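> With the input below, show me the fold.
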Amino acid sequence: MRYLLRRLGFYAIAAWAALTINFFLPRLMPGDPATALFARFKGRLSPEAMAGLREAFGLTDAPLITQYVTYLGHVLRGDFGTSVTYYPQPVSEVIITGLLWTLLLAGTAVILSFAIGSILGVIVAWWRGGWADTLLPATFAFLGAFPYFWLAMVALYVLGFRWGMFPLGHAYSDDLSPAWTWTFIVDVARHAALPIATVVVATLGGWMLGMRNAMISVLGSDYVALARAKGLPPRRVVVRYAARNALLPNVTAFGMAIGFALSGSLLTEIVFSYPGQGYLLVQAVRNQDYPLMQGIFLVFTLAVLGANFLVDLVYFWLDPRTREVGS
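Residues are numbered from 1 along each chain as shown. Modelled structure (predicted):
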């Protein structure tokens, strides 16, 4: 249990550091949200209204420590301020809408890539030297060398524009409204299939190679040799003894992969005009919407930290050695 408490303390400190950086970042940038919003109104705001906007965005003349404490209190309540781009809509409402689409895209892609890559890694390691071991790692390592957005543009042009197999963009058809109906769900899945596939293809090779190398190492272990000597079925040897222990390095890397997938999905969303955090971030940068940028960066940081803590919990369950050390 002490192991989990130490990890929880580490992530709490990391979250505090992210909050602090997020507080100072917009104050180091040129301009401010109130000025950007003033420009949108083409100067038709009185000085009193301008002062009210600056106060609404937390840009007061109060001491920096006072602003910092106020900022922490607002964040703990889920109040990230008001969006300039979607004024007067709160940033939290804007982020939630885009976050759901990003989680659908990035979350599904990471889980599929991890699962398929790990399974393929077990297969090519068990039958190493065969055609699968020769062809699959080289193919997916080659595809993984290309950036997400490049694969996305090629897939969109060939499979979407030239062959018409997939929609060209957005999350669902324009003639549909969001609803829990099979028509809408199928349409969303059809629009998400190609973006998810590009992220999976770009990341699958790393999972497969990592699992293959770990499996080859584990298959040479004494306990695996003993299991074979006892006459256990090959399937049980692979699944029960070899694959479970070989999976530990991949599980450790899973949390970091979520961060890479989120950053990669931002570019993929832009290519496919997918209404997730990538689209919102582009709009925020164009409009100097610092509160929205702050909210997006903070949500991504906390999501990665939370995912890594969940990975630690899974690792704690899979590897008895962590329980022995932490007890």
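
> Could you double-check that P137 lies in contact with L209?
Yes: using C-beta atoms under 8 Å, P137 is in contact with L209, at 5.7 Å. Any C-beta I mention is one placed from the backbone N, CA and C, and that applies to glycine too.

> pLDDT value on R244, please?
You'll see R244 listed with a pLDDT of 79.

> To clarify, my last question referred to M256.
Value for M256, per-residue pLDDT: 70.

> which residues touch it?
M256 makes contact with N308, according to C-beta atoms under 8 Å, 6 or more residues apart in numbering.

> Tell me which helix or strand it sits in.
helix 244-271 (DSSP states H and E).

> Could you identify the helix or strand that succeeds that helix?
helix 277-286.

> right, and the helix or strand after that following helix?
helix 290-318.

> now that following helix, how far from the centre of its chain.
A distance of 9 Å separates the centroid of the chain from that of helix 290-318, by C-alpha atoms, centre = their mean, to the nearest Å.

> how far does the top helix by length along the chain sit from the chain's center?
The single longest helix within the chain, with elements called by DSSP state H, is helix 182-219. With C-alpha atoms, centre = their mean as the basis, helix 182-219 stands 14 Å off its chain's centre.

> what's the answer for stretch 133-144, then?
24 Å.

> Let me see the mean pLDDT of it.
86.

> So which bits of it are buried?
133, 136-137, 140, 144 (16 or more other C-beta atoms under 10 Å).

> Just the CA trace of that stretch, in CSV.
Taking C-alpha atoms only, stretch 133-144 is exported to CSV below (Å, rounded to 0.1, in the frame of the first residue of the first chain):
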residue,chain,number,x,y,z
ASP,A,133,8.1,-12.6,-37.7
THR,A,134,9.8,-11.4,-40.9
LEU,A,135,7.0,-9.4,-42.5
LEU,A,136,4.9,-7.8,-39.7
PRO,A,137,7.5,-6.1,-37.5
ALA,A,138,9.3,-4.6,-40.5
THR,A,139,6.0,-3.4,-42.1
PHE,A,140,4.6,-1.7,-39.0
ALA,A,141,8.0,-0.2,-38.0
PHE,A,142,8.2,1.4,-41.5
LEU,A,143,4.6,2.8,-41.2
GLY,A,144,5.3,4.0,-37.7
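
> picking that back up, which helices and strands does the following helix or strand past the longest helix of the chain pack with?
Toward the C-terminus, helix 182-219 is succeeded by helix 222-229 as the next helix or strand (DSSP H and E). Helix 222-229 sits against no helix or strand, with contacts defined as 3 or more C-beta pairs under 8 Å, 6 or more residues apart in numbering; DSSP states H and E.

> Okay, buried residues for helix 222-229 please.
224, 227.

> Okay, now the unreliable bits of the protein?
1, 3, 27, 29-62, 255, 259-264, 315, 318-327 (pLDDT under 70).

> phi, psi of T82?
phi -110, psi 140 (degrees, to the nearest 10).

> hang on, it packs against S92?
No: using C-beta under 8 Å, T82 makes no contact with S92, being 10.0 Å away.

> which one of those two has more residues nearby?
T82 (22 against 17; other C-beta atoms under 10 Å).

> Roughly how far does that one sit from G73?
16 Å (C-beta to C-beta, to the nearest Å).

> now M215
Taking C-beta to C-beta, one finds M215 at 50 Å from G73.

> Out of these two, name the residue with the larger neighbour count.
Shown here are M215 and G73; by other C-beta under 10 Å, M215 has more neighbours (24 against 10).

> Correct me if wrong: the more buried one contacts W126.
Yes: M215 is within contact range of W126, at 7.1 Å (criterion: C-beta under 8 Å).

> Which residues are in contact with S221?
S221 sits next to N245 when contact means C-beta under 8 Å, 6+ apart.

> Count the residues that sit near L99.
With other C-beta under 10 Å as criterion, L99 counts 19.

> for it, phi and psi?
According to degrees, to the nearest 10, L99 has phi -70, psi -40.

> Is it in contact with P275, as I believe?
No: counting by C-beta under 8 Å, L99 does not reach P275; the two are 10.7 Å apart.
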